[in-house]
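**Student:** quick one, structure for this:
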Amino acid sequence: METKTSLKVLSQLLTDIRPYLAMICLQFGYAGMYIVTMVSFKQGMSHWVLVVYRHVVATLAIAPFAFILERKIRPKLTLSVFLKVMLLGLLEPVIDQNLYYVGMKSTSATFAAATVNVLPALTFIMAIIFRMERVNLRQKHGLAKVIGTSITLSGAMLMTLYKGPVVNILGGYSHGSEHETSGDTSSGQHWASGTIMLLSCTVGWSAFFIVQSMTLKEYPAALSLTSLICVMGMLEGGVVALVMERDMSAWAIGFDSRLLAAAYSGVVCSGIAYYVQGFVNKVRGPVFVTAFSPLAMIITAILGAFILSEQVRLGSLLGAVVVVIGLYSVVWGKSKDEKITSGECKVQELPVVLEIKNKLAHDNFDEAPASNHSIAVKNSLSGEP
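**Tutor:** Numbering: from 1, shown residues only. Sure thing, here's the model as predicted:
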């Protein structure tokens, strides 16, 4: 008996932590993508072409599983769902990824990953606008979500407006050598435009999660939806790439970092990521999905310093700390919302009201004692005088 109870508790624990583990593992995947794609760009890879190849690989990787595993549960593709899939293919594969790559080439992989920290705050604001998120300023968790969002946006502004001295991850910080200064002058010319591109891509990414959450309610087959998004991203991205990339030689890739970037980002960061995010989105909502983005920034900063020899700026680190503080204020408030929804932290009601509600619900007003008080409650609930 005790063994069965222990197994049941363990099974419930694994079910509860599964969304957390999925999102943490996904951030490691994103961190690897930032490094691999940056290396491919230095070898002349066009980001317009990369987006197309990325979703070709993602489609080939995910579509067979969707076709086989969801052939009995796949709902009908209505016009409403199809239009949402077209929008999803435009928001994330085309707008978000291309703007992100442009911004990353103008700044750095570390800064680009740090800028994505504003994603939870933007998603939270959009979720409120579309009534997917509740905010009650009279409760601590509601106030924590609003304050945390404000802190997160302040941290993002700090990262954008203040660069500061170069920080050596292996020890201390300096004002930079002659080589670093010349490099900063070159990159600084495009830093502002790169930052605008990165913030714009984050808006598109936030909108993607909101629309994805809406679509999953109409089309709950997550693998099939992932395949459709990849196909639409491939087609729409292909049209954009043919318009923006006139040099046809840019489409030729060999067995090098460019092929690795297309394969890795396609399988991990489009195919698997869309599915995992969709699963967690359905269970915990879009705000929870975006809550783990700071982890990718930390991993990318470490990998970028060692592999790409990128400079880590003090402003980016300070802004990231502020963002993380605000972020987990939002996460704490969100966790309280989930407890209220699941019944672990219900709003307190007067015992008399609860007793009358329960009795009226179970007896269906027929077998309840005909006291004046219960009749008054019954009439008030039904709208009668």
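**Student:** middle-most residue in the protein, spatially?
**Tutor:** Centroid check for the chain by CA atoms, centre = their mean gives Thr290 as the closest residue, at 3.3 Å.
**Student:** these two touch, right, that one and Pro120?
**Tutor:** Yes - counting by CB atoms under 8 Å, Pro120 is a contact partner of Thr290 at 4.3 Å. (Glycine included, C-beta is placed from N, CA and C.)
**Student:** and the longest helix seen in the chain, what does it pack against?
**Tutor:** If each helix of the chain is counted by residues according to DSSP state H, the longest one is helix 2-42. Packed against helix 2-42 by the contact rule (3 or more CB pairs under 8 Å, 6 or more residues apart in numbering; DSSP states H and E) you find helix 47-69, helix 97-106, helix 109-115, helix 257-264, helix 273-284, helix 286-289, helix 293-307.
**Student:** any weak-confidence spans in the stretch 51-200 of the chain?
**Tutor:** 110, 160, 169-189 (pLDDT under 70).
**Student:** now the stretch 251-385 of the chain
**Tutor:** Those would be 294, 308, 310, 337-385, if you go by pLDDT under 70 across the stretch 251-385 of the chain.
**Student:** tell me which residues in stretch 293-303 are buried?
**Tutor:** Residues of stretch 293-303 classed as buried by neighbour count (16 or more other CB atoms under 10 Å): Ser293, Pro294, Leu295, Ala296, Met297, Ile298, Ile299, Thr300, Ala301, Leu303.
**Student:** list just the nearest of these to Gly285.
**Tutor:** Ser293 (15.2 Å; CB to CB).
**Student:** for Lys72, see how far away that closest one is.
**Tutor:** 35 Å (CB to CB, to the nearest Å).
**Student:** at which residues are the helices of the stretch 51-200 of the chain located?
**Tutor:** For the stretch 51-200 of the chain, helices defined by DSSP state H, counting those that start in this stretch occupy the ranges 79-89, 97-106, 109-115, 119-129, 140-161, 178-188, 191-218.
**Student:** contacts only, for Gly89.
**Tutor:** Gly89 makes contact with Leu228, Ile229, Val231, Met232, Gly233, Leu235, Glu236, Gly237, according to CB atoms under 8 Å, 6 or more residues apart in numbering.
**Student:** count of neighbours near the third one?
**Tutor:** The burial metric for Val231, expressed as a neighbour count using other CB atoms under 10 Å, is 19.
**Student:** OK, contacts around the residue nearest to it when sequence neighbours are not counted?
**Tutor:** Leaving aside its chain neighbours, Val231 sits nearest to Thr59 (5.4 Å; criterion: CB to CB, 6 or more residues apart in numbering). By CB under 8 Å, 6+ apart, the contact set of Thr59 is Ser227, Cys230, Val231, Met234, Gly271.
**Student:** among those residues, which are in helices?
**Tutor:** Members of those lying in helices (criterion: DSSP H): Ser227, Cys230, Val231, Met234.
**Student:** from these, which two are the most distant?
**Tutor:** Among these, Ser227 and Met234 lie farthest apart (CB to CB), at 10.6 Å.
**Student:** looking at the two, which is more packed in?
**Tutor:** Ser227 (26 against 22).
**Student:** look up phi and psi at Tyr219.
**Tutor:** The phi/psi pair for Tyr219 (degrees, to the nearest 10) reads phi -130, psi 80.
**Student:** number the residues from 678 up from this point.
**Tutor:** Got it, first residue is 678 now, which makes that one Tyr896.
**Student:** thought it was touching Leu756?
**Tutor:** No - if you go by CB under 8 Å, Tyr896 and Leu756 don't touch, sitting 12.0 Å apart.
**Student:** looking at those two, which is more packed in?
**Tutor:** Tyr896 (21 against 7).
**Student:** ok, Tyr896 - contacts?
**Tutor:** Pro752, Leu754, Val758, Lys761, Leu902.
**Student:** repeat the analysis, applying 7 Å as the threshold.
**Tutor:** Counting by CB atoms under 7 Å, 6 or more residues apart in numbering, Tyr896 touches Pro752, Val758, Leu902.
**Student:** who wins for neighbours among these?
**Tutor:** Tallying neighbours with other CB under 10 Å puts Leu902 at the head of the contacts of Tyr896, with 27 neighbours.
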